[in-house]
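>>> How does the following fold in three dimensions:
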Amino acid sequence: MATIIALKEDFTFDAELVMEDSLDAAGAVSAIVASQAGTLLDVAKVLDVGDGIVEGYMIIDIDAIDVTVAADLLYKIKLQGSNVAAFATAALIQDLAQIELGAGEMLFGGTAITSDRGLAGERYVVPFRNEKGGTVFRYLRVYTYQEGTGDTITHTTWLTITRRKGK
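Purely as a prediction, here's the structure:
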């Protein structure tokens, strides 16, 4: 697949850095209905950023989201790192950046009167670094965590890299 690079709202967009597209293998919209790792056309997406430190932004474009179906809806979109490409061992996976969306009372520090967060068409920009606690993580993936009943979300999440340092 050829890389397509374009500027999109002051961020460099590179098709190779798309981490989740909420599409099935045929290219039709496929809502995420349970916690899962990011996919492109239903194929798991893991990005090898090499040995050095990488900094940038995780850009999350919400296509559709249910936040008001029930008061127990919570979505966490995370950028995770590992030094094993398979992401098979939970103890070797670190959350590097994340955002919470959903019912207000389910958000960190939220209460019954906290506003719900997340609407179709919204964009969230989350800074990240592939280093945590002195460990540099070579492999990155997006993970959508879902909690609640009746929850569905579709989003396109991609990375833009602003700095590479080291090896």
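
>>> For the residue lying closest to residue 131 once chain neighbours are set aside, name its beta-bridge partners.
Spatial nearest neighbour of residue 131, excluding adjacent residues (CB to CB, 6 or more residues apart in numbering): residue 53 at 5.2 Å. (Each C-beta comes from the backbone N, C-alpha and C, glycine too.) The residues listed as beta-bridge partners of residue 53 by DSSP bridges are residue 165.

>>> do you know how far residue 53 is from residue 71?
40 Å (CB to CB, to the nearest Å).

>>> swap in residue 132?
Distance of residue 132 to residue 71, given as CB to CB: 32 Å.

>>> now swap in residue 98 and tell me
Noted for residue 98: a distance of 21 Å to residue 71, by CB to CB.

>>> Residue 129 touches residue 57, doesn't it?
No. Counting by CB atoms under 8 Å, residue 129 stays clear of residue 57, with 10.7 Å between them.

>>> Now stretch 19-36: buried residues?
Judged by neighbour count using 16 or more other CB atoms under 10 Å, the buried positions of stretch 19-36 are 19, 20, 21, 22, 23, 30, 32.

>>> How much space separates the third one from residue 51?
By that I understand residue 21. Applying CB to CB, the value for residue 21 to residue 51 is 28 Å.
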